[in-house]
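Chemist: this one's sequence-less:
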């Protein structure tokens with residue numbers, strides 16, 4: 001990717017862009033290949049790790065999903081408008097944030113952490129209450145099927 005191309009995508013975050021333009025520019029900025037979607041790149045990286053025999057695929061080693069990248073891009077757009085003190089009034093809840101109590105929190109994704117079929121075949125391996133464990137934190141319900149869930 002050329003520097004000029006990246007600068008053009010970055011300008012989307014400074015202009016008065018709509019949600020679709022921002023999501024597209026953000027995904028292309030995350031993506032290293034212009035012709036491949038972020039989701040396809042994520043799948044390819046996951047598959048390559050499985051093929052080389054990694055027992056656990058660390059989620060943080062994969063690119064974000066297009067859904068997660070979209071919300072990250074919306075938050076970036078909102079933050080850039082705040083930082084440059086743009087006169088446009090925008091509300092954070094329309095730009096990748098939600099409120100919980102008195103706090104403004106990021107929407108990380110609106111999709112489940114994995115396909116439903118996969119979620120039904122993994123198990124967290126918790127010995128007791130899962131509410132404070134990694135599985136709950138990542139949106140995985142405890143199940144009774146397979147052992148060892150690693151994030």
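Modeler: Done, it's in. Predicted, not measured: the structure shown is a model, and the values here were computed from it.
Chemist: and the helix ranked longest in the chain, what does it pack onto?
Modeler: Longest helix of the chain, by residue count under DSSP state H: helix 66-83. Secondary-structure packing of helix 66-83 (3 or more C-beta pairs under 8 Å, 6 or more residues apart in numbering; DSSP states H and E): helix 19-30, helix 38-51. In this view, the C-beta of every residue, glycine as well, is placed from N, C-alpha and C.
Chemist: list the buried ones in the shortest one?
Modeler: Applying a neighbour-count criterion of 16 or more other C-beta atoms under 10 Å, the buried positions in helix 19-30 are 22-30.
Chemist: Can you tell me which of these is nearest residue 102?
Modeler: Nearest to residue 102 out of these is residue 22 (C-beta to C-beta; 27.2 Å).
Chemist: hmm, back to that, nearest to residue 39, of the buried residues of helix 19-30?
Modeler: Closest to residue 39, out of all of the buried residues of helix 19-30 and judged by C-beta to C-beta, is residue 27, at 9.2 Å.
Chemist: In contact with the closest one, which residues are there?
Modeler: Residue 27 makes contact with 37-38, 66, 69-70, 73, according to C-beta atoms under 8 Å, 6 or more residues apart in numbering.
Chemist: same check, this time on residue 42
Modeler: By C-beta under 8 Å, 6+ apart, the contact set of residue 42 is 62-65.
Chemist: Just the buried subset of the residues you listed, written out for PyMOL, thanks.
Modeler: Here is the PyMOL command that picks out the buried ones among the contacts of residue 42, judged by 16+ other C-beta under 10 Å:
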select buried, resi 63+64+65
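Chemist: Can you say which of the helices and strands packed on helix 66-83 is nearest to residue 107?
Modeler: Set against residue 107 and scored by C-beta to C-beta, the helices and strands packed on helix 66-83 come closest in helix 19-30, at 12.7 Å.
Chemist: Helix 38-51 and that closest one, what's the angle between them?
Modeler: 30 degrees (axes from the mean of the first three to the mean of the last three C-alpha atoms, to 10 degrees).
Chemist: Please work out the average pLDDT along helix 19-30.
Modeler: Across helix 19-30, pLDDT averages out at 86.
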